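1. Predicted model follows, preceded by the sequence.
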Amino acid sequence: MHNKTIAELAAGLRAGEFSSEELTQAYLDRIERLDASLNSFITVTADAALQAARAADARLARGDAAPLTGIPIAHKDIFCTKGVRTSCGSRMLDNFIAPYNATVAEKLAAAGAVMLGKTNMDEFAMGSSNETSFYGPVCNPWNTGTVPGGSSGGSAAAVAAHLTPAATGTDTGGSIRQPAALCGITGLKPTYGRVSRYGMIAFASSLDQGGPMARSAEDAALMLAAMAGFDPKDSTSVDQPVPDYSRALNDSVEGLKIGLPKEFFDQGLDSGVARVIEAAVDEFKKLGAEVCEVSLPNSGLSVPTYYVVAPAECSSNLSRFDGVRFGYRCENPVDLEDLYKRSRGEGFGAEVKRRIMIGTYALSAGYYDAYYLKAQQIRRLISDDFRQAFERVDVIVGPTTPTPAFKLGEKFNDPVTMYLSDIFTIACNLAGLPGMSVPAGFVNGLPVGLQIIGNYFAEDRLLNVAHRYQQVTDWHQRQPSGYE
Amino acid sequence: MKWECVIGLEIHAQLATNSKIFSAASTAYGAPPNTQACAVDLGLPGVLPVLNAEVVRMAAKFGLAIGATVARRSVFARKNYFYPDLPKGYQISQYELPIVEHGRLEIELDDGSSKTIGITRAHLEEDAGKSLHEEFQDKTGIDLNRAGTPLLEIVSEPDLRSAKEAVAYMKKIHSLVRYLAICDGNMQEGSFRCDANVSIRPVGQAEFGTRAELKNINSFRYVERAINIEIERQTDVLEGGGTVVQETRLYDPDKNETRSMRSKEEANDYRYFPDPDLLPLEIDDAFIESVRASLPELPDAKKQRFMHAFGLSAYDAGVLTASREMSDYFESVVGAVGGEAKLCANWIMGDLSAALNRDGKEITESPVDAAMLAGMLKRILDNTISGKIAKDVFEAMWAGEGDADTVVERKGLKQITDTGAIETIIDQVIAANPAQVEQYRAGKDKLIGFFVGQVMKLSKGKANPAQVNELLLKKLSY
């Protein structure tokens, strides 16, 4: 059961081959048996999952099932889920039971999905290795000595190890695509505004976007269909109809114009990764796509720009964690200042504090123009680069990450090197564009991701391109040994 | 040295919406603590603000009413600082691009002249909650009912030159926001409050002196006293050879003094930046025009109309248009009476205003409504009662004894206009006062007043005074 796609599982449920309760129990058993080696879940909601599964079975029996009715999923622990701890990977929220549901959680529940639990993540989504979690690092199922990527490392590892058919993730600078690449799964960061951010704990509001993490483009399409859509509770969500992502999957890619950004193949790209991407491009050529080189001249500025904008926004977004109303509060504060200093000092981890300090500095009087304003201007230039490229091509293709998964601890004390692992993914967030990572091969037994970037609201096109690629390759079907 | 003071006001007007500026929670005043704070107001993780469209309409109304530019594009920014009653650790406000800019307002000065005060800007922002220090021993209680209440902060140019001008300006804004029905103006509840920036400089000097900001003053009287006491303080400092430091000060009405809260050096760096959760606020011409069409007649225009249409003096017209409710009341009375604007004005500005003041009531709460007052005035005009009796009728109506006709009927206050009846009374008075009659007839004309008084007394004030006069003259001249 655990090797079936979501579409196959949905068909099996409808045909009565197995019940949602059986399916859910099977996944709960796998989590119980295998997750000790991965640490991909922070909270497993077994009882609630089985209860939801039984309700789904009743719905299936009545014949009024929604597309995902009875399908188990997991939520990144950044999405508020009513009555369930929503920790954001932080000691700060270790005691926080969300009193309401994020729109994404609400929508997936309405589509019939059964939540297995909440997945591990870098603290407040700040990290590229899942090593900043208060709940400990997540291991990559392809090699448990390596990182799964981050910040949605728990979701990526859980999907890769078949502990859940699919999971939600969020992507602020690559946090869906980078772990998807490192764990050999399919992940999609939608256009900014496509998926509601309501109830998704904010890291950097102008960059954050939720999206699906699954084993194939086909499954990602089913997940995205349930997650996407305008939300009146999120002023930045866009009121645009959600297309039927599944319908366009099989469209031909003949004549598709693919752009390869030369800057992505220049610097620091692992030669093995480069070969994998070249092979993937050859597959597209065989499918009839036209390939040309494009330039994103300002892409080199995306990492420094991101590390001004994202910390600036986070420094403000995380001010609400002050020990006053919810979350961690220090013992016996002597006065207000002590309450603030120790609650935040003890509640936040080192990486979060580092970014709050960087962001506070960047927004300070006298520095605002030089940092935040300048970064916003560069952001515009980066968007313009993409706009010009998309006048010539339909999609942009390149590596998702410069290297495959690195060793646990390898970059933990070297933040700049760590930040550079998002060098190819960050530009999408700065421009608000949709991007996807699909498994494209291996280097030294570790998965390599192919990134596909589309124009605004071209998620259907991305899924179509990814799906056609997955029809002629089987990288996405490979399974890490020990988790078959 | 002669000093001149320079004053600018920042007025916070709470917008009279049903729900908060960024959430659906109610803004009603006086609910038990934290019962009107939803997830958004509490700043729970993951929540997002959604702008209440009504506040935009209200701010635009205000902008148009002061002849300002209503920005087609304005931006909400975050003002970052930590305080326990500020749930998110930042206040959503407008900073570089406010919704209203470059307005002006004319105020009347005591000498009858008028002066134009510039209004730099008016911007939208959310209020914070309230910290309660008294109720909890060694602890502070937080009430977030007020958090997220919409405010319009109205910032004047430093155009005011005395505490009296500042009060006149504040009253004019107060009247205007109530005319526009965008603020209830309730100062006790904090719906309308102000900060005053005060500095002094030698008369004739062009540069401004260093200013102090007086925080959170919530009555017209306190504004005047606070500014005056601050001018005195700054004058003492400068004349004593000291320098005024830029700082925030608090006015203590009990001690009638201002006290330093924090100096400029201690001031927060608010790290303003555009709120990424809210898109820039864009409004189009059609919206502006729909707001313009909804504007009521404004106080200055109404005052002019009252002077021209009703023949009222500038003073009377000014008093009657000081509030929308007062002018509505006046127009209802004049309408029901069918003219006689001066009589109506006198009664409203006289007996009615006195009674309202005495009982601490707003005109909207008056036990004598416009129809009742008009009913009584008609009885004066048709000679059913005299102006003097009307005062008793008015008090009876005020006490809830019914309308004028009911009171007149029940108390038998109908004026005596029957010549025979009046003559009978006059005959009694003449018979009872032979000495005075003799003196009068001997040429002491002044005694006519005595006879009128006696007749009125005997008639219990009900005899028609004009008839009494006429008949007395006739009878005494025999």
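-> Done, it's in.
2. so what's B:N216 closest to, chain neighbours aside?
-> Of all residues beyond its chain neighbours, the one nearest B:N216 is B:R193 (5.7 Å), with distances taken as Cβ to Cβ, 6 or more residues apart in numbering or on different chains. For glycine as for every other residue, the C-beta is placed from the backbone atoms N, C-alpha and C.
3. so what's that neighbour up against?
-> For B:R193, the residues meeting the contact criterion (Cβ atoms under 8 Å, 6 or more residues apart in numbering or on different chains) are B:11-12, B:187, B:216-218.
4. Let's see that with 10 Å instead.
-> Contact analysis of B:R193 by Cβ atoms under 10 Å, 6 or more residues apart in numbering or on different chains lists B:10-14, B:151, B:170, B:187, B:215-219, B:222-223.
5. looking at these, which has the most residues close by?
-> Neighbour tally across the contacts of B:R193 (other Cβ atoms under 10 Å in any protein chain shown): the maximum, 28 neighbours, falls on B:A13.
6. For residue 88, give me the pLDDT.
-> Going with chain A. In the prediction, the pLDDT value recorded for A:C88 is 98.
7. Can you look at chain B instead?
-> 98.
8. Over to it: give its phi and psi.
-> The main-chain torsion angles of B:K88 are listed as degrees, to the nearest 10 and equal phi -90, psi -10.
9. related to what we said a few turns ago, now do the same for the residue nearest to B:N216: helix, strand or coil?
-> State at B:R193, reduced to three classes by DSSP: H, G, I helix; E, B strand; the rest coil: strand.
10. next one: the one 5 residues further on
-> Per three-state DSSP, the local secondary structure of B:V198 is strand.
11. What's the separation between it and chain A?
-> Computed as Cβ to the nearest Cβ, to the nearest Å, the B:V198 to chain A distance reads 25 Å.
12. List the contacts of that residue.
-> By Cβ under 10 Å, 6+ apart, the residues touching B:V198 are B:5-9, B:158, B:160, B:163, B:166, B:209, B:211-214, B:226-231, B:233-234, B:244, B:249, B:258.
13. Could you report the neighbour count for A:L68?
-> By the other Cβ under 10 Å criterion, the neighbourhood of A:L68 contains 27 residues.
14. Just the pLDDT for the residue nearest the centre of chain B.
-> Centroid check for chain B by Cα atoms, centre = their mean gives B:S175 as the closest residue, at 5.0 Å. Note on B:S175: pLDDT of 93.
15. Could you pull up the contacting residues of it?
-> Under the criterion of Cβ under 10 Å, 6+ apart, the contact list for B:S175 reads B:185, B:298-299, B:321-324, B:326.
16. The same query, at a cut-off of 8 Å, please.
-> Taking Cβ under 8 Å, 6+ apart as the contact definition, B:S175 lies against B:299, B:322-324.
17. any idea which helix or strand carries it?
-> With elements taken from DSSP states H and E, the one containing B:S175 is helix B:163-179.
18. Any chance you could give me that helix in PDB, C-alpha atoms only?
-> Taking C-alpha atoms only, helix B:163-179 is exported to PDB below (Å, rounded to 0.1, in the frame of the first residue of the first chain):
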ATOM      1  CA  ALA B 163      -3.200  77.400  24.000                       C
ATOM      2  CA  LYS B 164      -6.400  79.100  23.000                       C
ATOM      3  CA  GLU B 165      -5.700  78.600  19.300                       C
ATOM      4  CA  ALA B 166      -4.900  75.000  20.000                       C
ATOM      5  CA  VAL B 167      -8.200  74.400  21.800                       C
ATOM      6  CA  ALA B 168     -10.100  76.200  19.000                       C
ATOM      7  CA  TYR B 169      -8.400  73.900  16.500                       C
ATOM      8  CA  MET B 170      -9.000  70.800  18.500                       C
ATOM      9  CA  LYS B 171     -12.700  71.700  19.000                       C
ATOM     10  CA  LYS B 172     -13.100  72.400  15.300                       C
ATOM     11  CA  ILE B 173     -11.600  68.900  14.400                       C
ATOM     12  CA  HIS B 174     -13.800  67.400  17.100                       C
ATOM     13  CA  SER B 175     -16.900  69.000  15.500                       C
ATOM     14  CA  LEU B 176     -15.800  68.000  12.000                       C
ATOM     15  CA  VAL B 177     -15.200  64.300  12.700                       C
ATOM     16  CA  ARG B 178     -18.600  64.200  14.400                       C
ATOM     17  CA  TYR B 179     -20.300  66.000  11.500                       C
END
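19. Understood, closing this out.
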